[in-house]
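**Student:** Provided below are the primary sequence and the corresponding predicted coordinates.
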2 protein chains.
Amino acid sequence: MISRILSAELAEHAGQRVTIAGWVHRRRQLKSVSFLVVRDRAGLAQAVTDSAAVLPPEESVVAVTGTVAVNPQAPSGHELVSPSIEVLAEPGTAPPFDLYRPVVGAGLPTVLDHAPVALRHPLLRAPLEIAAAGVAGFRETLDRLGFTEIHTPKIVGSATESGANVFAIDYFGRPAYLAQSPQFYKQAMVGVFERVYEVGPVFRAEPHDTVRHLAQYTSLDAELGFVRDHRDVMAVLREVVAGMLESVRRRAPRALSLLGVRVPEVPAEIPSVHFTEAQRLTSSSEPDLSPAQERWLSEWAEREHGSEFLFVTGYPMSKRPFYTHPDPARPGYSNGFDLLFRGLELVTGGQRLHRYDDYVRALAAQGEGTGPYEGYLQAFRYGMPPHGGFALGLERWTARLTGAANVRQATAFPRDLHRLSP
Amino acid sequence: MISRILSAELAEHAGQRVTIAGWVHRRRQLKSVSFLVVRDRAGLAQAVTDSAAVLPPEESVVAVTGTVAVNPQAPSGHELVSPSIEVLAEPGTAPPFDLYRPVVGAGLPTVLDHAPVALRHPLLRAPLEIAAAGVAGFRETLDRLGFTEIHTPKIVGSATESGANVFAIDYFGRPAYLAQSPQFYKQAMVGVFERVYEVGPVFRAEPHDTVRHLAQYTSLDAELGFVRDHRDVMAVLREVVAGMLESVRRRAPRALSLLGVRVPEVPAEIPSVHFTEAQRLTSSSEPDLSPAQERWLSEWAEREHGSEFLFVTGYPMSKRPFYTHPDPARPGYSNGFDLLFRGLELVTGGQRLHRYDDYVRALAAQGEGTGPYEGYLQAFRYGMPPHGGFALGLERWTARLTGAANVRQATAFPRDLHRLSP
C-alpha cells in the first residue's frame, strides 16, 4: 500500500514528516502563498507552499509529504508545511461542476449524468455513507436477535407482488421476471431458520416518473416465525430502526454533521393507531391513506406523542396483498401495518397467512388459482409457524433521514423510467 | 412473541417448567414410552411422554411445555418430561423424504425441487449457515479496514465482462442487460470512497450445465485505491479470507461439526507462484491453467508450503479482461491473480488500469471503441488512483469449504439452464 496517513490523523502526528494521499480538492494560489487542499476518504487536509509552486489541477491524484504544523484555520487544525507533491494520476478534464464549493453548483440531472465524479462532492457522498451505516445497523440488530442472512433468486418464473410493474427477461429462451421482492423466499426460509433477513436489490417497472420511486432499489427485508401477531413484528422493527439510527450516529458522524441531519429518537414503544382511528382522525372514509393524510398523521403523532414515528395498523384486507393475515377479531381488517416517519410511509409489514388452505382461499377470493404460486405455496404444505415480517426501502429511508427531496439523491446510480446509465 | 426458550438452552433450565417451540423433527412411539423430537433454529430437543399419547406427525409446528430433566441420551443431555403439546400448525402432507434421518435420503433434483422443505434437513441447511457466517466475516474484515459498502445497478445498458452470457431485459421498451459483475461501478466508487465492497447477486447466462456454474450467484466484491500493485490487493484478500474463516468458526460451529468440515489455516503470507512458474511446474505451455493443473498446483502448495491456499499471479494479458493492469516489467503478463483453494480457483482479482488513455488503448487493442463503455470510463477522466480488487463467489467458496460436489448444494434456490423454480 502507498505508505501514508489519513487526513483525519494529522493531529496525531504534529511535528512529524508524513505523507497523505488523495485528490486535489482545491488549489488556491495567492500572492504570497499557495494552498493545496487534499481530499481522502477521511476528510480534507491542507498543505501550504510558496506561491511560486505549480500546483496540480483539481481532481489530480496526489501523494503529499510534508511536516505537520498547527494552524487553527486549517481543516483539522493542522496543515502540512514544506510539502513535496507527487502526482499519481492526472485528470483528463475538469469536473462538470466545482467539487470544492460548499454547495453543489449543479442540478440533479447533471449530478446523475456525472455520478462517478459528482459523488466525490462531500455533500453528495454523505447520504451514501449514511446508507451504509444504516444497513450495518440493520444487520447488527438482527444478528443479535438470532436472524440468519439469506440470498434469494432475483430471477423468478412468475410475478411476486402483483402482475403489474415487472421486468421481463429472456431466460434461456423462456419468459421470466425480475423479482419485485424476496417475499415468498423469505417466508419459505422462516421454515428453515425461523428468523431471516436479506439486503438486496428489488425491481419495479414503475412507469411513473416520481421523486419517490426507483426501478431498482435496495430492500431491507426481515421475516420471523413464532409470532403471536403483527405486534411482535412491530416490536422487532422498532429495535431495527433504533439500531440503524444508533449505527448511523456511531459510524457516520461526519456525514450527519455535513448534512445537518437531526437523528430522531425512537420511543421505547412507537405510538400506533388503528386504520379506522386514522380515518376518524383525518375525517376520511377512503380504504387507504393519501400522502396528505400520512403527513397529517405524522404531525399528529409528533404533537400528541412526541414521536417522529407512527405505526398505522389494521389496513383493510382489500388494500393488502393476498398473503396478509386478517385480524381474527375484525376480518375485514388486516394484521398489517405501515410505519410512518416524518410524514412518509417508510416500512410496510404485517403478519402473513401460514396455512396452505388459507392461501388457496385467499387466491380464490381474488379470482386466482394456485398455479403460478405453487413453488411458493410448497412451504406451507409442510407446517409453517405463525410469522410475519417487513420490508424497508434503503433509499427512501436515507432520503427521509437526510431530508433529500428526491430518492435519487440517496443512491449512487439510480435506475428509472428514463435512466439506464451511468 | 410466543414465550419459549430455545432447544440449546434446556440445560440452563434444569428442573424448571419451560416451553420450547419448533417443528416435530421425529415422533417415536415405543411400547412403554414415546418420544417427540422438536427442531428449532438452535438445534433439537426431546420430550418424553407415555406411549398412550397421540403425537402430531413430523413437520407439525408445536409448542411443548414440560419439565427439564437430565438424560444423557437426549440431544442436549436434557429432555422435557410430563409435556403438554400444543399444535400451532399442521402439515398438509408428508415431506418428500424423511427430514429426521441423519443422511439425506433423496437425490439432488428432489432436494432442489422441494427446497422450501428440504432445506429444513440439518445437513442441507448447514451450508447456508456457513455461507451467512462467511459473508459476515467478509464485511467485518473490510469494515475494520475502512471500506464502505455500496449497492450498484443490476440493470445495465451494456454488457460488463464480455458480450456473451448476458441476460437481456426489456427495460421500458429499451434493451438492457443483467449485470455480470459490479466491476465498473466498484471501480468508479474507488474515486468516491477509496475502498468499497458489495455483496450482491450477479448474473451469467451460462449455457452449460456444470457443477460449478450458476445463472445467479452471490458475488463478494471489493476494490481499493492507492495500491502499489496487485500484491497490496492480495494482502487485503488474505485478511478477508482469514476473517471469513474465523467468522465461520465463531458463528457456525454446529454447522461445521455437523458437516465434519475441517477449517483451513490461512498462512500469514499465502504462497504465490508466477504464471510462468506454474507453467514450468506443470510442464505446460498453454496460456491458461486447466482444472487439472489447478488441482496439481494446489497439491504442490500443500506439499511444499503446507498451505491449502495458493496465489497464481501474472496471468497472460491475453487471458484477462481489458481493464487488467499489465506488469510494467513484463507487459505480456498481467498484474492479475487467482487464488486457488483445495484445487479450485476461488477468487479472481488484480490491479486495474487507472488512466483513461490506457482504457482507450486497451479497448482499441481488442478492436472495440469506447462507445458502450463511456459511462464506465467517465470515472477515469477525472483522476483515479492506482487501484485493484477481487471478486469471490459465495456459493463456490461455501461448496469448496464444505466439500459439496455441486455448487447447487451451497445455495437455497439455485438458478441454472434448466431451473427457474422454486
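**Tutor:** Yes, it's here.
**Student:** which bits of the stretch 251-400 of chain A sit near chain B?
**Tutor:** Residues of the stretch 251-400 of chain A lying near chain B by CB under 8 Å from any CB of the partner chain: A:354-357, A:375-376, A:378-386, A:394. Bear in mind the C-beta positions are built from the backbone N, C-alpha and C, glycine included.
**Student:** Among those, which are located in helices?
**Tutor:** Using DSSP state H, the members of those that fall in helices are A:Tyr356, A:Asp357, A:Gly375, A:Tyr376, A:Gln378, A:Ala379, A:Phe380, A:Arg381, A:Leu394.
**Student:** hmm, which of those residues are the buried ones?
**Tutor:** Neighbour-count burial (16 or more other CB atoms under 10 Å in any protein chain shown) applied to these gives A:Tyr356, A:Gly375, A:Tyr376, A:Gln378, A:Ala379, A:Phe380, A:Arg381, A:Leu394.
**Student:** Format those as JSON lines; extra columns: pLDDT.
**Tutor:** Output for these, formatted as JSON lines (pLDDT from 0 to 100):
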{"residue": "A:Tyr356", "pLDDT": "95"}
{"residue": "A:Gly375", "pLDDT": "82"}
{"residue": "A:Tyr376", "pLDDT": "84"}
{"residue": "A:Gln378", "pLDDT": "89"}
{"residue": "A:Ala379", "pLDDT": "92"}
{"residue": "A:Phe380", "pLDDT": "95"}
{"residue": "A:Arg381", "pLDDT": "95"}
{"residue": "A:Leu394", "pLDDT": "98"}
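**Student:** With distance to A:Gly43 as new columns, can the ones in helices among the residues of the stretch 251-400 of chain A next to chain B be given to me in CSV?
**Tutor:** Output for those, formatted as CSV (distance: CB to CB, whole Å):
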residue, distance to A:Gly43
A:Tyr356, 56
A:Asp357, 60
A:Gly375, 50
A:Tyr376, 48
A:Gln378, 52
A:Ala379, 49
A:Phe380, 52
A:Arg381, 56
A:Leu394, 25
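**Student:** okay, among the residues you listed, which ones form the most distant pair?
**Tutor:** A:Asp357 and A:Leu394 (35.8 Å; CB to CB).
**Student:** how would you label A:Phe87: helix, strand or coil?
**Tutor:** One thing to correct before we go on: residue A:87 is Val, not Phe. When classified by DSSP: H, G, I helix; E, B strand; the rest coil, A:Val87 comes out as strand.
**Student:** Write down the beta-bridge partners of it, one by one.
**Tutor:** Per DSSP bridges, the residues bridged to A:Val87 are A:Val62.
**Student:** dump the residue contacts of A:Gly43.
**Tutor:** Residues near A:Gly43 by CB atoms under 8 Å, 6 or more residues apart in numbering or on different chains: A:Leu6, A:Ser7, A:Ala8, A:Pro75, A:Ser76, A:Arg254.
**Student:** Scan those and report the most crowded one.
**Tutor:** Compared across these, A:Ser7 has the highest neighbour count, 24 neighbours, by other CB atoms under 10 Å in any protein chain shown.
**Student:** What's the separation between it and A:Pro75?
**Tutor:** 7 Å (CB to CB, to the nearest Å).
**Student:** In this model A:Lys186 seems to touch A:Pro153, though I could be wrong.
**Tutor:** No: contact criterion CB atoms under 8 Å: A:Pro153 and A:Lys186 do not qualify, at 11.8 Å.
**Student:** can I see the domain layout of chain A?
**Tutor:** Here the domain assignment for chain A is A:7-89, A:116-410, based on automatic domain parsing.
**Student:** Determine how far the shortest one lies from the middle of the whole chain.
**Tutor:** So that's domain A:7-89. Its chain's C-alpha centre and that of domain A:7-89 lie 34 Å apart, by CA atoms, centre = their mean, to the nearest Å.
**Student:** now swap in the longest one and tell me
**Tutor:** For domain A:116-410, the separation from the chain centroid amounts to 12 Å (computed by CA atoms, centre = their mean).
**Student:** residues near A:Ser318, how many?
**Tutor:** A:Ser318 has 11 nearby residues by other CB under 10 Å.
**Student:** oh sorry, the question was meant for A:Val273
**Tutor:** Per other CB under 10 Å, the neighbour tally for A:Val273 reads 21.
**Student:** ditto for A:Val87
**Tutor:** By other CB under 10 Å, 13 other residues sit near A:Val87.
**Student:** Which parts of the stretch 251-400 of chain A are helices?
**Tutor:** Using DSSP state H, counting those that start in this stretch, the helices assigned to the stretch 251-400 of chain A run over residues A:253-259, A:275-281, A:291-305, A:356-365, A:374-381, A:394-402.
**Student:** what comes into contact with the first one?
**Tutor:** For helix A:253-259, the surrounding residues in contact (CB under 8 Å, 6+ apart) are A:43, A:122-123, A:125-127, A:129-130, A:133, A:248-249, A:261, A:263, A:402-403.
**Student:** Closest one of those to B:Val192?
**Tutor:** In terms of CB to CB, no member of those lies closer to B:Val192 than A:Arg125, at 5.3 Å.
**Student:** Okay, A:Leu417 and A:Arg204: tell me how far apart.
**Tutor:** Going from A:Leu417 to A:Arg204 by CB to CB gives 11 Å.
**Student:** Show me what from the stretch 1-150 of chain A comes close to chain B.
**Tutor:** Residues of the stretch 1-150 of chain A found near chain B (CB under 8 Å from any CB) are A:1-2, A:4, A:21-24, A:40-41, A:59-61, A:88-93, A:95, A:114-117, A:119-120, A:125, A:128-129, A:131-132, A:135-136, A:139, A:143, A:146, A:148-150.
**Student:** what do you get if the cut-off is 6 Å, keeping everything else the same?
**Tutor:** Within the stretch 1-150 of chain A, the positions near chain B by CB under 6 Å from any CB of the partner chain are A:1-2, A:21, A:23, A:41, A:59-61, A:88-89, A:91-93, A:95, A:116-117, A:119-120, A:125, A:132, A:148-149.
**Student:** Do you know the pLDDT at A:Gly157?
**Tutor:** pLDDT for A:Gly157: 89.
**Student:** The least confident helix or strand in chain A by mean pLDDT - contacts with which helices or strands?
**Tutor:** In chain A, no helix or strand scores lower on mean pLDDT, DSSP states H and E than helix A:374-381, which sits at a mean of 89. Using 3 or more CB pairs under 6 Å, 6 or more residues apart in numbering or on different chains; DSSP states H and E, the elements in contact with helix A:374-381 are helix A:183-193, helix A:356-365.
**Student:** In terms of mean pLDDT, which of those helices ranks lowest?
**Tutor:** helix A:356-365 (a mean of 94).
**Student:** Strands along the stretch 51-200 of chain A, start to end?
**Tutor:** For the stretch 51-200 of chain A, applying DSSP state E, counting those that start in this stretch gives strands covering A:61-70, A:78-89, A:148-149, A:155-156, A:168-171, A:174-178, A:195-203.
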